[in-house]
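> sequence and predicted structure are below.
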Amino acid sequence: MLAPFMILFIIFTVVPVLMSVPIGFTDFNMVQKPNFTGLSNYTALFLSDKIFIKSIGVTAVFAFFTGFVSFVLCFLLAWLINEMPSNLKTIFTLIFYIPSMANVYSVWKIIFSGDINGYLNSFLINIGIITSPIQWLTDGNYVLGTAIVVQLWLSLGAGFLAMRAGFQNIDRSMYEVGAVEGISNRWQELVYIVIPSMKPHLLFASVMQIVSSFTAGTVIQNVVGFPSTDYKAHTIMTHAYDYGWVRYEMGYASAICMILFIVMYMANRAVNRVFGKYTD
Amino acid sequence: MSNIRKNKTSCIKMGRKKGGTVLIFLFLSVLGIFMLFPIYLIFVMSVKPVEELFIFPPKLYTLRPTMNNFKDMFEIIRQNRVPFSRYVFNSITVTVSVTLFQCIITSTAAFVLAKCRFAGRKLISNIIVISLLYQSNVIYIMQYMVMAKLNLIDSLLAVILPLIASPMGLFLMEQSISQIPDSIIESAKTDGAGLFRICWQIVMPNQKPALLTLIIFAFQSSWNVQSGAFVFHEQYKTLPTVVNQISSAGIARAGIAMAAAVFMLVPPVVVFTLAQKQIIETMAYSGIRS
């Protein structure tokens, strides 16, 4: 029963992954035969690539907001939606999930447009908060913030839906038992009944949030440009894109992706440990 | 009918104050407006006449809505060497087969991983999470090499097969199934039920929310899949590939691009709404279950 899945999974996922790991130790450029270069890609990354070092900080800030904050937001919204009557549940879930279905985030460029007629600028000028337009997409002070807003808008995705499913799957009898044992409001119900029985969905959502927040790149590049002003919104994945698909230094790009994987793996371990402590 | 039953059950919930519910509604509505605003802009732009698209300052509405952008989109697709219906047929084939096989194969495997004890179970679970976390831009190249070895390049199978064994779907189902008490499965075994029957007659009916969520994910990913570098012949390309081709052709196609976005959004939204309705129904009946 496991075989059909494992066969397809090994052929189309495991084998390509295993084949791609050694590339990080070569100088592969997509044209010539790759030469083995040992750890030189990795030493170059940490010792002479200043932009890579900078991108680590950017990724950390970006992942905190679009990963951790967004995870909390997903849970909060999934819970609040659960408190609504059932017809409104469907409508609100659709409203919050629709950005993940529509591939249209580039419309934010019109909203953040830097002239006085950009939607956000003209709104802020009209209500008197600012007097001259702000260059949301090019000013180094704002590009990271702008990218975070767009990614947050997109981030109520798989994790959010899984949590909604989790809320619907909590057995009614659990609430009834809780009521008998003296639970008297929404908060107590959340802490004593809901969260303990949602652990699997929370774990799933956390992996999804880690993946989407650490590997964000395309969205940022499309919204604030590539490269962004002063590399202020230059994430590790953008850096890998730069070396992989602009300079065709695939070996170096693979090394960057490997480091990102190690970071994500450790983040996931840390999250698992926190969940383990909370639920035991 | 089902509405009445649901209202009854929601009264059982303890300590619900009317005021709190209204406050939550207001909070969700305000945030909802923020979420919907960009989507609203797309809708408006898709029905704006071309001469209004570039007016400054840009307007939030149009007084002369038109379907011209949609008409132009179909007109451009029609000029291709392959009829429009061929792309639709390809996309429907991909979407239906991926959704169907992914749900069956992935959730059966998830059941085995979550509920059967065997050596290497933990290892497989770990490999699946690792494959979710490992993202590299060379994987695509390696996938191409694997498919070339298997002679799959330039066929619809090259689009379908990689999507069926979804590690994300497996992880979702495995997590969700792990909540079911082992005792239920043990007692079914002593009653002489086979593993496949236990999976689909006892476990899956209990997993409706997760299974329907999986359907949403599978449908969405396969409907939006671009045939990309794996397909060269025009007659095997999927709808998103051709829609992306016409809408990325610069500013002259701005209106058409918005129309294309709206057009592509309709099927996933319909499937999503139907599935969510079902998911929410589950709540009303699970009380009877226990």
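The structure has been received and is ready for your questions. Numbers count the residues shown, from 1 in each chain, chains lettered A, B, ... in the order given.
> need the contact list for residue A:131.
Contacts were defined as CB atoms under 8 Å, 6 or more residues apart in numbering or on different chains; by that measure residue A:131 touches residue A:125. Bear in mind the C-beta positions are built from the backbone N, C-alpha and C, glycine included.
> I'd say residue B:153 and residue B:146 touch.
No. Between residue B:153 and residue B:146 there is no contact under CB atoms under 8 Å: 10.2 Å.
> need the contact list for residue A:103.
Applying CB under 8 Å, 6+ apart to residue A:103 gives the contacts B:224, B:261, B:264.
> hmm, try it at 7 Å
Residues in contact with residue A:103 (CB atoms under 7 Å, 6 or more residues apart in numbering or on different chains) are B:224, B:261.
> that one in helix, strand or coil?
coil (DSSP: H, G, I helix; E, B strand; the rest coil).
> sketch out the low-pLDDT regions of chain A for me.
A:279-280 (pLDDT under 70).
> what's the closest non-adjacent residue to the residue positioned nearest the centre of it?
By CA atoms, centre = their mean, chain A has its centre lying nearest to residue A:213, at 2.1 Å. Leaving out its chain neighbours, the residue that sits closest to residue A:213 by CB to CB, 6 or more residues apart in numbering or on different chains is residue A:67, at 3.2 Å.
> how near is that neighbour to chain B?
13 Å (CB to the nearest CB, to the nearest Å).
> which ones are touching that residue?
A:209, A:210, A:213 are the contacts of residue A:67 under CB under 7 Å, 6+ apart.
> which stretch of helix or strand covers the first one?
Assigned by DSSP states H and E, residue A:209 belongs to helix A:199-214.
> okay, that helix in PDB with CA atoms only?
Coordinates of each C-alpha in helix A:199-214 appear next as PDB, following Å, rounded to 0.1, in the frame of the first residue of the first chain:
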ATOM      1  CA  LYS A 199      -0.900  19.500  17.600                       C
ATOM      2  CA  PRO A 200      -0.500  17.600  14.300                       C
ATOM      3  CA  HIS A 201      -2.000  20.400  12.300                       C
ATOM      4  CA  LEU A 202       0.200  22.900  14.100                       C
ATOM      5  CA  LEU A 203       3.200  20.900  13.200                       C
ATOM      6  CA  PHE A 204       2.200  20.600   9.600                       C
ATOM      7  CA  ALA A 205       1.600  24.400   9.400                       C
ATOM      8  CA  SER A 206       4.900  25.200  11.000                       C
ATOM      9  CA  VAL A 207       6.800  23.200   8.400                       C
ATOM     10  CA  MET A 208       4.800  25.000   5.700                       C
ATOM     11  CA  GLN A 209       5.500  28.400   7.200                       C
ATOM     12  CA  ILE A 210       9.200  27.600   7.500                       C
ATOM     13  CA  VAL A 211       9.400  26.600   3.800                       C
ATOM     14  CA  SER A 212       7.500  29.500   2.500                       C
ATOM     15  CA  SER A 213       9.200  32.200   4.600                       C
ATOM     16  CA  PHE A 214      12.800  31.000   4.200                       C
END
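> chain center to it, what's the gap?
Computed by CA atoms, centre = their mean, to the nearest Å, the chain-centroid distance of helix A:199-214 equals 9 Å.
> how far away is the residue sitting furthest away from the middle of chain B from chain A?
Distance from the C-alpha centroid of chain B peaks at residue B:190, with 37.6 Å (CA atoms, centre = their mean). Using CB to the nearest CB, one obtains 20 Å as the distance from residue B:190 to chain A.
> from residue B:207, how far off is that residue?
Counting by CB to CB, to the nearest Å, the separation of residue B:190 from residue B:207 is 22 Å.
> for burial, what's the neighbour tally of the closest residue to residue B:182 other than its chain neighbours?
Excluding the flanking residues, the one nearest residue B:182 by CB to CB, 6+ apart is residue B:115, at 7.1 Å. By the criterion of other CB atoms under 10 Å in any protein chain shown, residue B:115 has 20 neighbours.
> ditto for residue A:197
17.
> JSON lines for the contacts of residue A:67, including distance to residue B:231?
Converted to JSON lines, the contacts of residue A:67 look like this (distance: CB to CB, whole Å):
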{"residue": "A:209", "distance to residue B:231": "32"}
{"residue": "A:210", "distance to residue B:231": "32"}
{"residue": "A:213", "distance to residue B:231": "31"}
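> of the residues you listed, closest to residue A:80?
Looking at the contacts of residue A:67 and their distance to residue A:80, the nearest is residue A:209, at 18.3 Å (CB to CB).
> give me the neighbour count for that closest one.
Neighbours around residue A:209, by other CB under 10 Å: 27.
> so who does it touch?
Residue A:209 neighbours (CB under 7 Å, 6+ apart): A:67, A:70, A:71, A:159.
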